[in-house]
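S.K.: Next one to model:
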Amino acid sequence: YILALCLRVRPLVAFIGAVAFAFATYEIVIIQAGHNSKATTVALMAPVLGAFIMAYRKNWKWGVVLSALFMCFEVASNHLQVTYYLGILLLGLGIFEFVKAFRAKKIKHFFIVSGLLLGAYGLALFVNYGNLTITREYAKHTIRGGNDLTINPDGTEAKKNTDGLDKDYITTWSYGVGESFTLISPYVKGSASVGLADSNFKDLIEDSDRTRSEKNAIYSAPFPIYFGEQPIVSGPTYIGIVLFLIMLMGLVFLEDKRKWVFFAVGVLALLLSWGKNFMGLTEFFIDYIPGYNKFRTVTIIMVLIELVSPVIAVLFLESMFKNREVFVEKKKQFAIVSGVCIVFLIGLKFVGLGDNYSSSADRVQIERVEESVLNQLKSLTPEQLTQNRIDLSNEAQVKAIVNGEMEKSEEQLASFKTARKDIFHNSMNRSIGFSILTLIIFTLYFYTSIQTIYIIAGLGLLLMIDLIPVNRNYLNSDELKNGKYKHWMPIED
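M.R.: Residues are numbered from 1 along each chain as shown. Take a look at the predicted model:
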């Protein structure tokens with residue numbers, strides 16, 4: 001909200017932007033997972049960005065003062081990885097402002113403001129000097145400080161790593177290329193790494209035309225509803241299909257050239273979030289960009305997408321008030337963009353993501369069945385073997401038992417994949433429905449004389465209806481059997 005006010009937009013537009021930023025699912029999921037310092041640092045990125053923009057565009061004095069204040073809070077929140085990513089965005093905007101000042105022959109003013117901002121950020125670092133120094137000293141004695149070992153566990157010579165984390169460790173949590181579609185449709189890769197019986201999709205299966213035995217088989221299957229390539233997740237990164245469409249309209253119609261900086265940083269963040277799935281770019285940043293190799297879990301950089309998307313949307317919503325006559329003359333462009341969006345979403349629904357509703361972890365789990373069965377057989381006592389008529393020296397019998405269990409697991413996976421398919425289509429239907437509603441509201445803007453404020457309010461309401469129910473899947477007031485809240489620490493009397 002503060003960021004939007006720094007952009008001098010109407011309070012209604014600022015409120016919509018604040019809701020879009022606050023209820024992007026990553027922010028909610030990390031609170032559920034207990035990453036409180038990360039959540040606070042992500043939240044404070046917005047006012048830091050707002051003060052930065054104010055310093056160059058509106059009021060440099062207040063911009064510098066607020067930059068010092070908000071950056072002080074940002075660093076104090078003590079999640080340097082998020083602050084580092086914010087620096088990428090600020091650097092991109094700084095380059096844009098330099099080019100703009102150079103063309104306008106106001107380069108002196110640019111350097112004065114830039115110097116004052118650097119001083120403000122330096123003051124913020126000085127205020128947090130104690131905490132930063134302790135963190136820096138501690139890091140030297142962790143895996144971020146390099147590896148002093150000369151041999152590997154198998155006796156081979158270890159590669160000397162004098163600084164930073166191992167590349168495999170950095171990219172363990174890498175967002176999948178296909179998984180990126182969760183930004184516009186939350187459940188296209190399932191949801192959290194939990195069983196279906198413990199998820200919010202149980203009602204979807206219950207309402208299907210499956211028999212009771214088929215439903216029970218799905219509930220008892222030892223597979224998670226999440227079928228992406230990350231080791232484990234608490235939920236998807238979803239910015240909202242309504243927000244996405246508002247942002248898309250902004251990219252098409254908005255005159256403010258800063259939109260391309262925000263868009264470029266968002267695309268860069270997405271590419272870097274792919275990690276090991278786009279290793280060329282990832283290795284370049286690890287090897288050549290200072291500080292990048294100090295941080296793991298590259299998916300965290302998606303917080304930049306959750307920040308820049310509402311900014312573009314807010315700038316466009318504000319321009320809808322000021323430039324309606326200009327925009328209305330571009331009805332044809334609106335119709336083309338709308339048609340392409342709907343066709344793309346419908347095509348995605350029917351074509352799918354090409355993953356067969358499965359992941360590599362599923363295959364690993366199936367392959368482990370053989371080892372698990374053999375270990376169970378070996379653990380049986382002679383009496384148990386005799387009782388079950390099992391002869392471990394009979395290779396054919398042992399192989400038949402193992403194959404039988406593996407076939408059973410394959411059948412379970414095949415059945416479970418049908419449930420994942422239902423979840424995927426349910427998610428796509430949801431996104432298509434919200435897209436149609438969003439485009440209908442935009443149509444009222446382009447083709448009727450309804451007041452703009454009602455159009456904006458309608459988009460804001462639809463955005464909330466889109467985002468909040470998704471977030472409630474991961475953080476809510478559900479209670480456990482003992483009466484305590486599932487997600488919140490109860491206050492003791």
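S.K.: Quick one: find the helix or strand in this protein with the lowest mean pLDDT.
M.R.: None of the helices or strands of the chain scores lower by mean pLDDT, DSSP states H and E than helix 129-139, at a mean of 79.
S.K.: From the contact counts, what lies against that helix?
M.R.: Applying 3 or more Cβ pairs under 8 Å, 6 or more residues apart in numbering; DSSP states H and E, one finds that helix 129-139 makes contact with helix 60-76. Placement of C-beta: from N, CA and C, glycine included.
S.K.: what comes into contact with the helix it packs on?
M.R.: Contacts with helix 60-76, where a contact means Cβ atoms under 8 Å, 6 or more residues apart in numbering, come from 6, 41, 44-45, 47-48, 50-56, 83, 86, 112-113, 116-117, 119-121, 123-125, 127-128, 131-132.
S.K.: For stretch 84-91, give the mean pLDDT please.
M.R.: Taken as a whole, stretch 84-91 carries a mean pLDDT of 97.
S.K.: And it, what's buried?
M.R.: Neighbour-count burial for stretch 84-91, counted by 16 or more other Cβ atoms under 10 Å, picks out 84, 85, 86, 88, 89, 90.
S.K.: And stretch 334-347, by the same measure?
M.R.: Buried residues in stretch 334-347, counting neighbours by 16+ other Cβ under 10 Å, are found at 334, 337, 338, 341, 345.
S.K.: Kindly format the C-alpha coordinates of it as CSV.
M.R.: Below are the C-alpha coordinates for stretch 334-347, written out as CSV (Å, rounded to 0.1, in the frame of the first residue of the first chain):
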residue,chain,number,x,y,z
PHE,A,334,-8.2,-5.5,-26.4
ALA,A,335,-10.2,-8.0,-28.3
ILE,A,336,-7.1,-9.7,-29.8
VAL,A,337,-5.4,-10.0,-26.4
SER,A,338,-8.6,-11.3,-24.8
GLY,A,339,-9.0,-13.9,-27.5
VAL,A,340,-5.4,-15.1,-27.4
CYS,A,341,-5.6,-15.5,-23.6
ILE,A,342,-8.8,-17.6,-23.7
VAL,A,343,-7.6,-19.8,-26.5
PHE,A,344,-4.2,-20.3,-24.8
LEU,A,345,-5.8,-21.3,-21.5
ILE,A,346,-8.3,-23.7,-23.2
GLY,A,347,-5.4,-25.2,-25.3
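S.K.: Quick one: mean pLDDT over that stretch.
M.R.: Stretch 334-347 shows a mean pLDDT of 96.
S.K.: How about stretch 469-488?
M.R.: Computed over stretch 469-488, the mean pLDDT rounds to 80.
S.K.: what's next to it, contact-wise?
M.R.: With Cβ under 8 Å, 6+ apart as the criterion, stretch 469-488 contacts 23, 25, 28-29, 31-32, 186, 191-192, 200, 234-235, 238, 240, 490.
S.K.: Locate the closest residue to residue 262 other than its chain neighbours within the secondary structure: which element?
M.R.: Spatial nearest neighbour of residue 262, chain neighbours left out: residue 308 (3.9 Å); criterion: Cβ to Cβ, 6 or more residues apart in numbering. Using DSSP states H and E, residue 308 maps to helix 303-322.
S.K.: Helices of the stretch 351-493 of the chain, residue ranges please.
M.R.: Ranges of helices in the stretch 351-493 of the chain, per DSSP state H, counting those that start in this stretch, are 360-379, 382-387, 395-447, 452-471.
S.K.: Flag the shaky bits of the stretch 1-150 of the chain, pLDDT-wise.
M.R.: The model of the stretch 1-150 of the chain has pLDDT under 70 over residues 139-150.
S.K.: Roughly how far does residue 428 sit from residue 397?
M.R.: In this structure, residue 428 and residue 397 are 47 Å apart, going by Cβ to Cβ, to the nearest Å.
S.K.: who's more crowded, these two?
M.R.: residue 428 (21 against 14; other Cβ atoms under 10 Å).
S.K.: In this structure that one contacts residue 351, no?
M.R.: No - using Cβ atoms under 8 Å, residue 428 is not in contact with residue 351; the gap is 10.4 Å.
S.K.: list the buried ones in the helix holding residue 308?
M.R.: Buried residues in helix 303-322, counting neighbours by 16+ other Cβ under 10 Å, are found at 303-321.
S.K.: C-alpha coordinates for whichever helix or strand comes after that helix, PDB please?
M.R.: Later in the chain than helix 303-322, the nearest helix or strand by DSSP H and E is helix 324-328. Provided in PDB are the C-alpha atoms of helix 324-328 (Å, rounded to 0.1, in the frame of the first residue of the first chain):
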ATOM      1  CA  ARG A 324     -10.000   6.000 -20.800                       C
ATOM      2  CA  GLU A 325     -10.700   7.800 -24.000                       C
ATOM      3  CA  VAL A 326      -7.300   6.800 -25.400                       C
ATOM      4  CA  PHE A 327      -7.700   3.200 -24.300                       C
ATOM      5  CA  VAL A 328     -11.200   2.900 -25.700                       C
END
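S.K.: what is the rounded mean pLDDT of helix 324-328?
M.R.: Averaging pLDDT along helix 324-328 gives 94.
S.K.: still on that earlier bit, closest to residue 224 out of the helices of the stretch 351-493 of the chain?
M.R.: Proximity to residue 224 (Cβ to Cβ) singles out helix 360-379 among the helices of the stretch 351-493 of the chain, at 8.2 Å.
S.K.: Quick check: which helices or strands does that closest one pack against?
M.R.: Helices and strands touching helix 360-379, by 3+ Cβ pairs under 8 Å, 6+ apart, are helix 395-447.
S.K.: Give me the helices and strands touching the helix it packs on, please.
M.R.: helix 202-206, helix 212-220, helix 241-253, helix 324-328, helix 331-351, helix 360-379, helix 452-471.
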